[in-house]
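Asker: fold the following.
(chains A, B, C and D)
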Number of protein chains: 4
Amino acid sequence: MGDESSAWRTAITEVKPNELRLRGYRLDELMGHISFAEAAWLVITGELPPQPIRPLVEALLACSVDHGVTPPSAQAARLIASTGGNLSQAVAAGVLSINASHGGAIEGCMHALHRGVEIEEQQGLAPAQAAKALLDQLKSEGKRIPGYGHRLHTADPRTARLRELARASGVYGKFMELADAVEEHFSAQGRPLPLNVDGAMGAVLCELGVPPEISNGFFILPRVAGLIAHFAEERSREKVMRRIDPAQAVYDGPPPRELPKGVGR
Amino acid sequence: MGDESSAWRTAITEVKPNELRLRGYRLDELMGHISFAEAAWLVITGELPPQPIRPLVEALLACSVDHGVTPPSAQAARLIASTGGNLSQAVAAGVLSINASHGGAIEGCMHALHRGVEIEEQQGLAPAQAAKALLDQLKSEGKRIPGYGHRLHTADPRTARLRELARASGVYGKFMELADAVEEHFSAQGRPLPLNVDGAMGAVLCELGVPPEISNGFFILPRVAGLIAHFAEERSREKVMRRIDPAQAVYDGPPPRELPKGVGR
Amino acid sequence: MGDESSAWRTAITEVKPNELRLRGYRLDELMGHISFAEAAWLVITGELPPQPIRPLVEALLACSVDHGVTPPSAQAARLIASTGGNLSQAVAAGVLSINASHGGAIEGCMHALHRGVEIEEQQGLAPAQAAKALLDQLKSEGKRIPGYGHRLHTADPRTARLRELARASGVYGKFMELADAVEEHFSAQGRPLPLNVDGAMGAVLCELGVPPEISNGFFILPRVAGLIAHFAEERSREKVMRRIDPAQAVYDGPPPRELPKGVGR
Amino acid sequence: MGDESSAWRTAITEVKPNELRLRGYRLDELMGHISFAEAAWLVITGELPPQPIRPLVEALLACSVDHGVTPPSAQAARLIASTGGNLSQAVAAGVLSINASHGGAIEGCMHALHRGVEIEEQQGLAPAQAAKALLDQLKSEGKRIPGYGHRLHTADPRTARLRELARASGVYGKFMELADAVEEHFSAQGRPLPLNVDGAMGAVLCELGVPPEISNGFFILPRVAGLIAHFAEERSREKVMRRIDPAQAVYDGPPPRELPKGVGR
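Answerer: Have a look, this model is predicted:
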């Protein structure tokens, strides 16, 4: 290290010869004792997930692994694969498409929920009232609440499962209550606009204390797995420089199948 | 879908209204029953990891989550964060730095091990002999075997742990034997060049039947978690446009700590 | 083309077999008759630059071609080159570093100047008064005006030259007057904060009617030339995976030299 | 600068307070005296283009500025723009799609032409004979010569113009002769496979002494201008997250028009 004045600090990983510590824990000790998702959570948030929320953390990441060929991220990865680009290039281009309109509703919904819970607490409101107050405020600013509605799913199975796991993990609190109250408000007004998976992820991440600023990372990280799969499939099954129209894709993978016995805890 | 002629096939994810299936399994059923790593493995390789190798798969991914501020990927992510770039940009730039000389030894080592095992089987050699034959062949072509030696670690704790978990999982076979025989060969020649973590990952991925062409994905995916952490830390602790010299970084995170009771299976 | 409903419009390039037209002009006719910069201007803005501003357009782009090894874009390109990444990857990573704090002052300055000229016109002020009013407004919002001050240059030679060429081209108008008035205001207050090259580019682009939203393109485009040069130099002169400290670089290129006779118009 | 041991060299740009020199020339002196293309050529190749080849250099870059909405680079830029990504992200993703199968024929053709001219010189052959020998060699290796044939253009107007300008510039030499001889060979065999614009660029760059390793930069650089135009158009004319099918695009820009009087030299 040089002069003190140019030193700077990092609290993520301590690297010494033959010793690596993530947030204080020996990496080789973590290996085999915790899951990859727990290691990712540790490095991103600074702490291991407490035991009760572990299944929720695994599911939170698992739910974004892939959504077929239509999302812009899958299209971008395949487009680059099709030009002869390598895996790093394809994944990078896919990641570059994760923005406000693709994945970004997680962060947007978190900001809205934080604001709504603040209103709720300051004004001593019930969730239904806070939902109405929040939506009124947003409307007066010409804004909509992110995380509601989906072009394809009217009852997203991922949302239902995240709700269920959040309840089972004991973290279903003010943020999730408010998120649900917003959905009910829309429904009561005769225009059903269900909480989508981005919104549900946002609500869960609020409950888990994750800052909105890095929340999109919990979409980017798992989706990289899907991007790798799309790269591999494009390379192994298709000719280069083909016209890739996602609307023309037909699924020909394994037929519907049940989870084998012994999977799960 | 349009005319039949322009249809193409995908075997990854089947998307229908309110139903999502990864490689045939309902995603909402997977959530809560399998881990994120298992979901990632499923989507990339096409099948769930068999029960005995699950801890190995978790560790294989966990071991690459982060390696501090010096790797080019961490530097690239911080550099972009420091210019005001967003999370997608920082992660993408980090991923773009994962190439032949950073992470790429995984694929290179796999190709070498496949070649060595072919020699071994064709000529009916013992691992030690096959190691020598392989290294002689590579030398005659002016090449070195990737996956050996590390600028910092002489006995990488991650390598030791991967070996141990591979044995415990019952997948320590010809590829890992050969990888170890190569290390012993170097050692016997008086120039110790230990199997590094890239090489160990490559050997494990050979045993697990993963194609070398996508092997770097098993480094890219987990390292994205580290990139997110570096982005977050750069943004929260540093001024923009600072000069980032990794050699000047000092670790100030949690002191060495033991895994809490109850962690691990 | 399919059904009318899914058709969309593009006004950039018309492509037919053996015929290519950029904004209406035959590309092969443009080749040899106009410069690359004019072609780039045509495709981005929709029209060829009028004759009098051609030297200014050439200079506007030429001034951003390179700024040595310290800018984040050069560092990012070299970092990726050093890992074995290809030219596309290195250039892309360099481009990803062009953000609010690196190049982005062009757009920020343009927004401020547009606002200042609006104040000037609405309130019938002289440039000096408008400069004061603008800075007061920004200050009251806790903001600073982008495009002033430089960590290295106190009298940036590029700024001086852009001013001179803008005058010679007859486009030195309200925006440039205001930009200069702001500089004079700082100076009169005893804290000299000269218009930097980003600010000067922003002022020129305001005069030329370019929308602020795409103004950073006039920095990205020319800097790509520099990124290519840094990639080529890193690859041809340096070892892979070296520690790249821009503060340690020494210039060893051609010594100062005069433009040869016959160069220039 | 620190200790001598860690110093490294750069020959591109010398940066001092208030003084910037590109390859030895003062940047502010270049501004207004040389074109942007000349500045780009200087920084990439190390020298200003000699006077006679200047129109050729301008045309070489101008010819790649854009090719409408179908190339992968335009699609990638629009895809990212459509997700809410910023200009840097969109341009970077576009650049990432410039690979072996998109733009990469320039480098491939250059390697083939260098090899062909070597055969020609070693064996004292005429261009027609060298063309045949080269193609026979490539065929015996199971390879095709890059830079010939186009999915759309049977007589690419850009190729014709580059040939014409190369002749007029006095640089039509062995490489271009060989490139033409290869085309004639295909034609004589009854399967016309015309030199495409990538091949013509490659031949010109061979004549100009540019190393094949950086040749794709002469496609990346100008195409960035087109990417900026596609980003701007996508943002100003289209809704976010639309399905972008390039086959559905209709040109609605300026109708065919003649170059105005006074344009060109």
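Asker: host element of the residue nearest the centre of chain A?
Answerer: Nearest residue to the geometric centre of chain A (Cα atoms, centre = their mean): residue A:219, 3.2 Å. Using DSSP states H and E, residue A:219 sits in helix A:217-237.
Asker: so does that helix get close to chain B?
Answerer: Yes - using Cβ under 8 Å from any Cβ of the partner chain, helix A:217-237 reaches chain B at A:217, A:220-222, A:224-226, A:228-233, A:235, A:237. For glycine as for every other residue, the C-beta is placed from the backbone atoms N, C-alpha and C.
Asker: just stretch A:151-168 next, same as before
Answerer: Yes - judged by Cβ under 8 Å from any Cβ, stretch A:151-168 comes into contact with chain B at A:152-158, A:160-162, A:164-165, A:168.
Asker: could you check the pLDDT of residue A:225?
Answerer: With respect to pLDDT, residue A:225 has a value of 98.
Asker: what helix or strand is the closest residue to chain C within chain A on?
Answerer: As assessed by Cβ to the nearest Cβ, chain C sits closest to residue A:89 within chain A, at 5.9 Å. For residue A:89, the element it lies in under DSSP H and E is helix A:87-96.
Asker: tell me what that helix is packed against?
Answerer: helix A:72-82, helix A:217-237, helix B:87-96, helix B:217-237, helix C:87-96, helix D:72-82, helix D:87-96 (3 or more Cβ pairs under 8 Å, 6 or more residues apart in numbering or on different chains; DSSP states H and E).
Asker: among the ones you listed, which comes closest to residue D:122?
Answerer: Distance to residue D:122, taken as Cβ to Cβ, is lowest for helix C:87-96 among the helices and strands packed on helix A:87-96, at 30.4 Å.
Asker: which other residues reach whatever helix or strand comes next after that closest one?
Answerer: Sequence-wise, the next helix or strand downstream of helix C:87-96 (DSSP H and E) is helix C:105-123. Contacts made with helix C:105-123 from outside it, assessed by Cβ atoms under 8 Å, 6 or more residues apart in numbering or on different chains, are listed as C:100, C:125-127, C:129-131, C:133-134, C:137-138, C:145-147, C:174-175, C:178-179, C:182, C:196, C:198-199, C:201-203, C:205-206, C:212-213, C:215-216, C:218-219.
Asker: swap in 6 Å and give it another go.
Answerer: Outside helix C:105-123, the residues within contact range by Cβ atoms under 6 Å, 6 or more residues apart in numbering or on different chains are C:130, C:133-134, C:145-147, C:174-175, C:178, C:198-199, C:201-202, C:206, C:212, C:215-216, C:219.
Asker: who wins for proximity to residue D:9 among the helices and strands packed on helix A:87-96?
Answerer: By Cβ to Cβ (comparing all of the helices and strands packed on helix A:87-96), the closest turns out to be helix C:87-96, at 18.8 Å.
Asker: give me the angle between that closest one and helix B:72-82.
Answerer: 30 degrees (axes from the mean of the first three to the mean of the last three Cα atoms, to 10 degrees).
Asker: from the residues of helix A:217-237 next to chain B, which would you call buried?
Answerer: The neighbour count (16 or more other Cβ atoms under 10 Å in any protein chain shown) marks A:217, A:220-222, A:224-226, A:228-233, A:235 as buried among the residues of helix A:217-237 next to chain B.
Asker: if we can go back for a sec, in helices only, show me the residues of stretch A:151-168 next to chain B.
Answerer: Among the residues of stretch A:151-168 next to chain B, the ones falling in helices (DSSP state H) are A:157-158, A:160-162, A:164-165, A:168.
Asker: measure the residue in the stretch 151-265 of chain A that chain D sits nearest to to residue B:66 for me?
Answerer: Closest approach between the stretch 151-265 of chain A and chain D, counting by Cβ to the nearest Cβ: residue A:240, at 4.4 Å. The gap separating residue A:240 from residue B:66 is 35 Å, by Cβ to Cβ, to the nearest Å.
Asker: show me what the strand or helix carrying residue A:137 is packed up against.
Answerer: Using DSSP H and E, residue A:137 sits within helix A:127-140. Here helix A:127-140 touches helix A:105-123, helix A:174-188, going by 3 or more Cβ pairs under 6 Å, 6 or more residues apart in numbering or on different chains; DSSP states H and E.
Asker: please convert the ones you listed to CSV, extending it with mean pLDDT and mean neighbour count.
Answerer: Formatted as CSV, the helices and strands packed on helix A:127-140 follow (pLDDT from 0 to 100; neighbours: other Cβ atoms under 10 Å in any protein chain shown):
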stretch, mean pLDDT, mean neighbour count
helix A:105-123, 97, 20
helix A:174-188, 97, 20
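Asker: among the ones you listed, which is nearest residue B:27?
Answerer: Of the helices and strands packed on helix A:127-140, nearest to residue B:27 by Cβ to Cβ is helix A:105-123, at 17.3 Å.
Asker: show me how far that closest one is from its chain's centre.
Answerer: 18 Å (Cα atoms, centre = their mean, to the nearest Å).
Asker: could you check the angle helix B:87-96 makes with that helix?
Answerer: Going by the same axes, to 10 degrees, helix A:105-123 makes 140 degrees with helix B:87-96.
Asker: for helix A:105-123, C-alpha coordinates in CSV please.
Answerer: C-alpha atoms of helix A:105-123 as CSV (Å, rounded to 0.1, in the frame of the first residue of the first chain):
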residue,chain,number,x,y,z
ALA,A,105,-40.5,-1.9,-11.5
ILE,A,106,-39.0,-3.6,-8.5
GLU,A,107,-37.2,-0.5,-7.5
GLY,A,108,-40.1,1.8,-8.5
CYS,A,109,-42.5,-0.3,-6.4
MET,A,110,-40.2,-0.2,-3.4
HIS,A,111,-40.0,3.6,-3.5
ALA,A,112,-43.8,3.8,-3.7
LEU,A,113,-44.3,1.3,-0.8
HIS,A,114,-41.8,3.1,1.4
ARG,A,115,-43.7,6.3,0.7
GLY,A,116,-47.1,4.6,1.4
VAL,A,117,-45.9,3.1,4.7
GLU,A,118,-44.6,6.5,5.7
ILE,A,119,-48.1,8.0,5.0
GLU,A,120,-49.7,5.2,6.9
GLU,A,121,-47.5,5.7,10.0
GLN,A,122,-47.6,9.4,10.0
GLN,A,123,-51.3,9.6,9.6
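Asker: what number of residues lie near the closest residue to residue A:6 other than its chain neighbours?
Answerer: The shortest distance from residue A:6 to any non-neighbouring residue, by Cβ to Cβ, 6 or more residues apart in numbering or on different chains, is to residue B:248 (4.9 Å). A count of neighbours around residue B:248, defined by other Cβ atoms under 10 Å in any protein chain shown, yields 17.
Asker: I'd say residue B:248 and residue A:7 touch.
Answerer: Yes - using Cβ atoms under 6 Å, residue B:248 is in contact with residue A:7, at 5.1 Å.
Asker: and the residue of the stretch 151-265 of chain A closest to chain D, which of the three is it?
Answerer: At residue A:240 the chain is in coil, as set by DSSP: H, G, I helix; E, B strand; the rest coil.
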